[in-house]
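Colleague: sequence first, then the predicted structure, then my questions.
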Amino acid sequence: MLDRFPFRPKEEPIIDMMLSICNIKILNIKKPSMKAPSDRQIRATQLRAQINRYDYYYYVLDTPEIPDAEYDRLFQELQALETADPKLITPDSPTRRVGGKPLEAFASVRHRLPMLSIRTETDTGPDGARAFDAQVRRELELSEDAAPVEYACELKFDGLAINLRYENGLLVQATTRGDGETGEDVTQNIRTIKSVPLRLRGVAPEVLEVRGEAYMSRSDFERYNARQRAASLPTLVNPRNGAAGSIRQLDPTLAAKRPLSFFVYGLGEVQGWALPATHSAVLDALAIFGLPVSVERAVSLGADGLSAFHDAIAARRDLLPFAIDGVVYKVNRLDWQRHLGFRTREPRWAVAHKFPAQEELTVVEAIEVQVGRTGAITPVARLKPVFVGGVTVTNATLHNADEVARKDVRVGDTVIVRRAGDVIPEVVSVVLDRRPADTLPFVMPKTCPVCGSHIVRPEEEAVARCIGGLYCRAQRKEAIRHFASRRAMDIEGLGDKLVEQLIDQEYVQGPADLYALDTATLTGLERMGAKSAANLIDALERSKTTTLARFLYALGIREVGEATAMTLATHFGTLEALIAADADALRQAPDVGPVVAAAIRAFFQEPHNQQVIGRLQATGVRWPDVARQPVTTASLAGKTFVLTGALDSLTRDQAADRLRVLGAKVSGSVSKRTDYVVAGHEAGSKLDKAQALGVTVLDEAGLLALLDQLKAEDSQ
């Protein structure tokens with residue numbers, strides 16, 4: 001074995017006690033058949049158990065039990081046995097860590113439970129800790145004299161987030177975070193990480209998904225680069241990029257050459273395990289299963305405890321054997337976590353506090369604008385290359401026109417550059433006494449540098465945007481993804497990877513081009529067989545028959561979500577009437593204010609958008625006109641509904657649409673401001689919370705009766 005730590009004897013008596021607990025059922029060996037196992041089978045089983053044990057002591061507990069030479073002898077003996085008789089190879093054999101055949105591409109995997117990101121608090125001092133603690137106490141409705149909230153405090157590792165899935169104790173899949181909903185299958189590469197157990201210790205749950213971070217330690221990073229330099233091969237820039245690049249190697253044998261480690265910090269899907277009461281106890285239990293959990297964690301009380309943990313880790317940051325960029329605080333009690341729930345795509349019960357970033361001086365050589373996938377126009381400073389926080393920085397964000405003006409950044413200026421959050425470079429400030437005499441203030445362009453459409457900046461918004469969303473090349477992928485999404489045109493089978501291929505190969509330049517696709521074109525794409533192509537063609541044809549509300553939502557008009565699209569459809573009745581409406585007419589529609597009206601007018605006045613809509617209609621996209629249904633006093637305007645459980649006669653989406661038509665707001669969480677909770681079959685914690693708060697609960701029959709009553713009143 002290369003690059004192993006020097007041998008040292010066991011130091012922690014607690015390890016033996018812990019292993020005596022979890023060694024009850026290490027291998028989960030099936031009952032033997034009638035035929036007795038051969039001597040080679042018995043020896044291979046013994047070797048696997050020994051090597052897995054030594055790997056656990058070495059890579060997880062950092063307490064090697066045997067010298068390297070003895071470990072290598074056992075490993076080579078197992079390899080020889082498996083080579084002579086491949087039937088002896090098992091999925092959890094240590095020899096399987098060396099990797100398999102190279103992949104052509106990573107397969108997409110949809111997470112059973114989304115991998116959500118944790119909100120980052122900008123104020124990392126005592127005030128930030130107090131603000132988070134106050135928010136938690138307020139939302140838990142704790143009195144001032146209640147005991148301090150208990151928090152689990154951890155490190156924010158600087159690596160790559162990974163989900164590991166174990167079934168009956170065996171590692172079956174590893175995936176990246178991706179967009180939170182869908183990640184990439186990197187199982188072969190994760191198997192090369194020695195600290196990741198291929199089989200859990202003890203009696204494992206039926207299904208156990210754990211979330212954690214793959215990272216490269218500082219010492220492994222330095223040793224790897226030293227070997228690369230000695231062989232005149234490329235070196236890694238920093239440990240974080242080394243970890244991400246290793247995991248995303250298509251050839252797992254190359255990934256195996258880069259030494260990575262892993263820490264577990266949370267859970268995904270779990271079946272067959274009664275969870276402990278607290279997050280800290282969950283991590284303790286995961287450690288007993290043989291999973292690597294950082295010892296740099298603590299349970300703290302209240303805001304003062306959070307600040308103390310932050311300051312203690314900040315003082316030791318550079319002494320840690322791995323890179324971190326902050327700390328994370330989590331409400332420790334799991335029942336309180338469930339009560340607090342989520343805000344959009346972030347948990348309300350956790351927050352990250354990042355450490356101050358490193359800063360350097362450099363010169364602005366140019367200022368350009370970039371067009372984001374949603375049309376946001378971002379000024380970017382092109383910099384004289386400078387090494388900041390482990391990477392060479394050549395570009396830095398200037399955020400928006402107001403920020404450029406506030407900092408007065410100009411071409412030729414000497415500026416302070418920071419890697420904000422140790423990731424995104426930004427210009428902090430200008431060194432004015434080094435400014436050349438001939439510099440000029442930056443002026444935001446009036447037209448998009450990509451497509452030539454107008455750039456507009458809505459009132460009270462800091463971000464300027466290109467309004468050629470359906471036409472602009474920079475926004476094309478996002479526009480097509482949104483257009484095809486389930487709540488928009490609902491084109492089943494048109495996933496993100498396929499959209500990328502169609503656009504990258506220039507088969508699709510706008511949404512209308514989707515309807516010109518044929519099976520010959522589709523079958524020429526990666527992972528598209530004849531049946532998949534035929535199914536997609538059928539889905540495209542079905543999507544041509546839609547509703548005006550879905551079509552408006554699919555257009556991706558700024559400020560127009562599902563509820564507003566439904567309101568516009570029912571208020572104007574036809575697309576032609578909506579396009580012809582001026583700002584005053586638009587504001588007559590319920591819940592359409594000046595900002596929304598301006599965004600709608602700007603969208604429909606853009607010639608490029610008009611052309612795309614015309615092309616879509618020419619392909620056969622159609623919808624019935626809507627009977628205008630102005631909202632009356634009998635409507636549900638101002639009422640908030642929450643849907644939970646399964647309904648019989650309509651889907652939850654259909655129920656939500658019917659409620660929105662009547663002016664209701666449909667929310668995903670229950671609070672004191674909720675007016676009604678509609679509970680179907682197998683309603684869960686939302687129903688419990690509604691009953692606890694005294695919120696009116698309707699079953700499906702009650703909901704339908706309410707909708708029928710309001711419909712009858714509206715028709716009078």
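Modeller: Here it is on my side, so go on. Numbers count the residues shown, from 1 in each chain.
Colleague: residues in contact with the residue lying closest to residue 491 once chain neighbours are set aside?
Modeller: Leaving out its chain neighbours, the residue that sits closest to residue 491 by C-beta to C-beta, 6 or more residues apart in numbering is residue 484, at 4.0 Å. Yep, even glycine has a C-beta here, placed from its N, CA and C like the rest. Contacts for residue 484 were tallied using C-beta atoms under 8 Å, 6 or more residues apart in numbering; they are 490-491, 494, 499, 514, 543.
Colleague: same question for residue 500.
Modeller: Neighbouring residues of residue 500 by C-beta under 8 Å, 6+ apart: residue 477.
Colleague: hang on, isn't residue 56 packed against residue 201?
Modeller: Yes. Using C-beta atoms under 8 Å, residue 56 is in contact with residue 201, at 7.3 Å.
Colleague: quickly list what's touching both of the two.
Modeller: Between them, residue 56 and residue 201 have residue 290 as joint contacts when contacts are counted by C-beta under 8 Å, 6+ apart.
Colleague: gap between residue 289 and residue 251?
Modeller: Going from residue 289 to residue 251 by C-beta to C-beta, to the nearest Å gives 30 Å.
Colleague: make that residue 566, sorry
Modeller: Distance of residue 566 to residue 251, given as C-beta to C-beta: 50 Å.
Colleague: follow-up on the earlier one: in strands only, show me the contacts of residue 484.
Modeller: Per DSSP state E, strands hold no members of these.
Colleague: mind giving me the ChimeraX select for the residues you listed, buried ones only?
Modeller: Per 16 or more other C-beta atoms under 10 Å, the buried members of the contacts of residue 484 correspond to this ChimeraX selection:
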select :491,494,499,514,543
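Colleague: from the contacts of residue 484, pick the one nearest residue 477.
Modeller: Among the contacts of residue 484, residue 499 lies closest to residue 477 (C-beta to C-beta), at 6.0 Å.
Colleague: can you tell me how far the closest one is from residue 485?
Modeller: According to C-beta to C-beta, residue 499 stands 11 Å off from residue 485.
Colleague: again with residue 683
Modeller: On the measure of C-beta to C-beta, residue 683 and residue 485 end up 26 Å apart.
Colleague: and if you look at residue 665?
Modeller: Distance, residue 665 to residue 485, by C-beta to C-beta: 21 Å.
Colleague: have a look at those two and say which one is more surrounded.
Modeller: residue 665 (19 against 15; other C-beta atoms under 10 Å).
Colleague: please verify my assumption that that one contacts residue 637.
Modeller: No. Assessed by C-beta under 8 Å, residue 665 is found out of contact with residue 637, at 9.1 Å.
Colleague: buried stuff in the helix or strand in which residue 80 is found?
Modeller: Assessed by DSSP states H and E, residue 80 sits inside helix 68-84. Of the residues in helix 68-84, those with enough neighbours to count as buried (16+ other C-beta under 10 Å) are 68, 71, 74-75, 78, 81-82.
Colleague: for residue 144, state which of the residues you listed is nearest.
Modeller: For the buried residues of helix 68-84, the nearest to residue 144 is residue 71 (58.0 Å; C-beta to C-beta).
Colleague: these two touch, right, that closest one and residue 51?
Modeller: Yes. Under the criterion of C-beta under 8 Å, residue 71 makes contact with residue 51 at 7.5 Å.
Colleague: burial count for residue 424?
Modeller: Neighbours around residue 424, by other C-beta under 10 Å: 12.
Colleague: contacts only, for the closest residue to it other than its chain neighbours.
Modeller: Of all residues not flanking residue 424 in the chain, residue 397 sits nearest, at 6.2 Å (C-beta to C-beta, 6+ apart). Applying C-beta under 8 Å, 6+ apart to residue 397 gives the contacts 378-381, 424-427.
Colleague: now those residues: which count as buried?
Modeller: 378-381, 425-427.
Colleague: out of these, which one sits closest to residue 577?
Modeller: Using C-beta to C-beta, residue 378 is the member of the buried ones among the contacts of residue 397 that lies nearest residue 577, at 35.8 Å.
Colleague: ok, that closest one - contacts?
Modeller: Going by C-beta under 8 Å, 6+ apart, residue 378 touches 369-370, 372, 397-400.
Colleague: could you rerun that using 10 Å?
Modeller: Residue 378 sits next to 368-372, 397-401, 403, 463-464 when contact means C-beta atoms under 10 Å, 6 or more residues apart in numbering.
Colleague: likewise residue 114?
Modeller: 177, 179-182, 268, 342, 345 are the contacts of residue 114 under C-beta under 10 Å, 6+ apart.
Colleague: can you list which of the residues you listed are found in strands?
Modeller: Going by DSSP E, the strands hold 182, 268, 342 from these.
Colleague: and the residues you listed as CSV, adding neighbour count?
Modeller: Putting those into CSV (neighbours: other C-beta atoms under 10 Å) gives the following:
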residue, neighbour count
182, 18
268, 18
342, 14
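Colleague: what's the distance between residue 490 and residue 539?
Modeller: Residue 490 sits 8 Å away from residue 539, going by C-beta to C-beta.
Colleague: wait, I meant residue 260
Modeller: Going from residue 260 to residue 539 by C-beta to C-beta gives 40 Å.
Colleague: more neighbours, those two?
Modeller: residue 260 (25 against 16).
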